[in-house]
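>>> Make a model of this:
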Amino acid sequence: MRLDLDTRQRAMLAEMGVHVWWPASAAPDAALDAVAAANLQADSDRQNVIEDVAATAHSIRAAGQKLANSSSASSASAPSLLVAEALTSRPVATQSRSAEQQQAPSTSASTSTQASPSPPRQPPTARGPAPAIVMPLAAGIAQMEWPALAESVATCQACSMCLGRQTPVLAAPPEQLRAHWLVLGEPPDDAQERAGAPFVQDAGLLLDNMLKAVGVRRHLPDTPPGEPHDPAHTAYLSLVLKCRPAVPTAPDAQALAACAHYLCREIALVQPKVILAMGRLAMQVLLSVDHPQGLKLPLGKLRGQVWHYQGVPVVVTYPPTYLLRNAPDKARAWEDLCLALDVARGPAAQL
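Model (predicted):
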């Protein structure tokens, strides 16, 4: 197969070591002269680069020798000035060649850009967050009895906490309940969601022992109807939120406000004499109505005094999960329990 190549193409192939067949009409001597000229130019370019590097190194060594022999070593800017002088004192011919080499690629790049202009880039389409499933609260919560309240909580979609929940946590008794104590805890964790009840496992056992120490026990949802109980020695347990989302996240104000409606009905049904707020979020929900100034204080500063939520006394203390990790604070929690006991007994017991 015959290849009709011009002189430049054959010179490039020869430079890469590729030998091709020369047609009879071609002039091999001219092609070889072109190859030799190209090799000579490449050797000249390499020699120019070597000379440039050698000149720069010689200038730097001269600058270092000048710095070593200089007696004004106290000047802080002298080393930098000498090195800069060495780097800029290159031969004029070298600088000219560098400028030509830098100008050539930019010229070709600009030519190719003008030949095939690229289309303008379109800005990315803005995508907002996925809308959350939010529905209004069920009507008539303030008049619901325990069965209707439990059903309303199970089907509630008033905030994003309902997304992916398994079981709402509500210790609703089957019939009317009276208890002098209402213990309010933090949002449910995985164990409480699986059990469908507040304060379980080690935290629940610790709370049961704390209540037992002041003569109180929790009311269990599965207690047989009609079983007698003493309201003064009974505690109803609830959580500030009823749902645990599939992806755990901090509840926002909308979620806390939605569940506050259920909490108000729980308080109206139980009619407690004292509310024991165990945790920061429980404290925030109870104090946001009557004591908004208390929201700026840490939980430790809110202990040791009686607050109020819609007329019901509130005592703030640490949650059981915190006490399991910080045993020294159990003594302070005991003081809070004693204060709550005095409040539940009424003013006559404090005389």
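
>>> Listing request: residues of this protein with sub-threshold pLDDT.
Scanning the chain for pLDDT under 70 picks out the ranges 1-5, 13, 15-50, 52-134, 225-226, 294, 348-351.

>>> And the strands in it?
Along the chain, the stretches classed as strands by DSSP state E are 181-185, 217-218, 234-239, 274-278, 307-309, 312-317.

>>> The last one pairs with which strands?
Same thing as strand 312-317. Neighbouring strands of strand 312-317 in its sheet, by DSSP bridges, are strand 274-278 (parallel), strand 307-309 (antiparallel).

>>> Using PDB, list the CA coordinates for it.
The C-alpha atoms that make up strand 312-317 are tabulated as PDB, following Å, rounded to 0.1, in the frame of the first residue of the first chain:
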ATOM      1  CA  VAL A 312     -50.200  23.300  87.800                       C
ATOM      2  CA  PRO A 313     -46.900  23.500  89.900                       C
ATOM      3  CA  VAL A 314     -43.800  22.300  88.000                       C
ATOM      4  CA  VAL A 315     -40.500  21.000  89.400                       C
ATOM      5  CA  VAL A 316     -37.500  20.700  87.100                       C
ATOM      6  CA  THR A 317     -35.000  17.900  87.500                       C
END
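
>>> Would you mark the buried spots in it?
Using 16 or more other C-beta atoms under 10 Å as the burial criterion, the residues of strand 312-317 that qualify are 312, 313, 314, 315, 316, 317. Placement of C-beta: from N, CA and C, glycine included.

>>> Would you confirm that the first one contacts residue 267?
Yes: because the distance of 6.4 Å satisfies C-beta atoms under 8 Å, residue 312 is recorded as touching residue 267.

>>> Please enumerate the shared neighbours of the two.
By C-beta atoms under 8 Å, 6 or more residues apart in numbering, residue 312 and residue 267 have these common neighbours: 182, 275.

>>> what's the most buried one of the strands of the chain?
Mean neighbours per residue, mean count of other C-beta atoms under 10 Å, is largest over the strands of the chain for strand 274-278, with a mean of 28.

>>> Spatially nearest residue to residue 306 (excluding sequence neighbours)?
The shortest distance from residue 306 to any non-neighbouring residue, by C-beta to C-beta, 6 or more residues apart in numbering, is to residue 313 (5.1 Å).

>>> Show me the beta-bridge partners of the one you found.
Beta-bridge partners for residue 313, by DSSP bridges, are residue 308.

>>> which residues touch it?
With the criterion set at C-beta under 8 Å, 6+ apart, residue 313 makes contact with 273, 274, 275, 306, 307, 343.

>>> Just to check, the third one is in contact with residue 263?
Read it as residue 275. No: Residue 275 lies out of contact with residue 263 (C-beta under 8 Å); the separation is 9.6 Å.

>>> hey, what's in contact with both of the two?
By C-beta under 8 Å, 6+ apart, residue 275 and residue 263 have these common neighbours: residue 184.

>>> Name the nearest of the contacts of residue 313 relative to residue 281.
Sorting these by how near they are to residue 281, with C-beta to C-beta, puts residue 275 at the top with 13.9 Å.

>>> quick one: residue 207 and residue 320 touch, right?
Yes: applying C-beta under 8 Å, one finds residue 207 in contact with residue 320, separated by 4.9 Å.

>>> And the residue nearest to residue 299 when sequence neighbours are not counted, how far from residue 250?
For residue 299, ignoring the flanking residues on the chain, the nearest one in space by C-beta to C-beta, 6+ apart is residue 280 at 5.4 Å. With distances taken as C-beta to C-beta, to the nearest Å, residue 280 is found 11 Å from residue 250.

>>> try residue 169
Remark: distance between residue 169 and residue 250 (C-beta to C-beta) = 17 Å.

>>> ok so, going back, let me know how buried the residue nearest to residue 299 is, in neighbour terms.
The number of residues packed near residue 280 is 18, by other C-beta atoms under 10 Å.

>>> ditto for the one 3 residues further on
Other residues near residue 283 number 26, with proximity taken as other C-beta under 10 Å.

>>> ok, it to residue 337 distance?
As judged by C-beta to C-beta, residue 283 and residue 337 stand 16 Å apart.

>>> ok, now residue 242?
25 Å.

>>> So for those two, which residue has more residues nearby?
Under the criterion of other C-beta under 10 Å, the comparison of residue 242 against residue 337 puts residue 242 first, with 26 against 18.

>>> which residue ranges form the helices in this structure?
7-15, 28-69, 78-88, 92-115, 146-154, 190-195, 201-213, 253-270, 280-290, 299-302, 320-325, 330-345, 347-350 (DSSP state H).

>>> Give me the phi and psi angles of the nearest residue to residue 338 once chain neighbours are set aside.
Taking C-beta to C-beta, 6+ apart, and ignoring the residues beside it in sequence, residue 338 has residue 214 as its nearest neighbour in space, at 7.2 Å. Geometry field for residue 214 lists phi and psi as phi -110, psi 20, criterion degrees, to the nearest 10.
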